[in-house]
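Q: Show me the folded form of this:
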Amino acid sequence: MPRQLAELHQRVVEDELGLPATIDEAGYVNFEHPNLGALYISLNESIPEYVQFVCLFCRDETHAFEDLTRICNSVNGSELLAILTVDDSCFVVSAKVQMFLAAHGRMPDEALLRAVIGRAMSSLKEAIEEFAKELQKLDSGSTA
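A: The predicted structure follows:
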């Protein structure tokens, strides 16, 4: 099932988003999105119904970890599907959309995956744009 699971997600990325995708040695599906940059789909063969769309979009060592965390938490408090996190060891900010797409232990339905992938990409884009706006406010000294 691991290869079949990755191939399902690869096929949907290529068909629905029109983007070439590869499967790496960990079984993750990697692709470049024109508006988001490099993304990967994290899959786990022991939980085939669970999927994470992940975009590592910012490495920022110029701002305090606390400021980056505060911005992530502010964005996370909005009505977006995506969640932002910052890694305190390398100051990389990531956006993730996590979903269960099937019953426990089952492969996701391809039609459902096709139906939600565009929304997942939109949510990632919205969260990243909101992060950028908040970071710009911080840099300009604005609190409004």
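
Q: Now do the strand or helix carrying residue 5: everything it contacts.
A: Element membership for residue 5 (DSSP states H and E) is helix 2-12. With contact meaning Cβ atoms under 8 Å, 6 or more residues apart in numbering, helix 2-12 is reached by 21-23, 27-29, 41, 43, 45, 48, 51, 107-108, 110, 113-114, 117. From N, CA and C alone the C-beta is placed, and that goes for glycine too.

Q: surely residue 16 meets residue 114?
A: Yes - with contact defined as Cβ atoms under 8 Å, residue 16 and residue 114 form a contacting pair (5.3 Å).

Q: The helix holding residue 5: which residues count as buried?
A: Neighbour-count burial for helix 2-12, with 16 or more other Cβ atoms under 10 Å as criterion, is recorded at 5, 6, 8, 9, 10, 12.

Q: how about the strands of the protein, start to end?
A: Assigned by DSSP state E, the chain shows strands spanning 21-23, 29-33, 37-43, 50-59, 83-87, 92-100.

Q: Kindly format the C-alpha coordinates of the fifth one as CSV.
A: Looking back up the chat, that one is strand 83-87. Taking C-alpha atoms only, strand 83-87 is exported to CSV below (Å, rounded to 0.1, in the frame of the first residue of the first chain):
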residue,chain,number,x,y,z
ILE,A,83,-1.7,26.0,10.5
LEU,A,84,1.6,27.8,10.7
THR,A,85,4.5,26.7,12.9
VAL,A,86,8.1,27.9,13.4
ASP,A,87,11.0,25.6,14.2
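
Q: can you pull the pLDDT of the nearest residue to residue 29 once chain neighbours are set aside?
A: When the adjacent residues along the chain are set aside, residue 29 lies closest to residue 41, with 4.1 Å between them (Cβ to Cβ, 6 or more residues apart in numbering). The model reports residue 41 with a pLDDT of 97.
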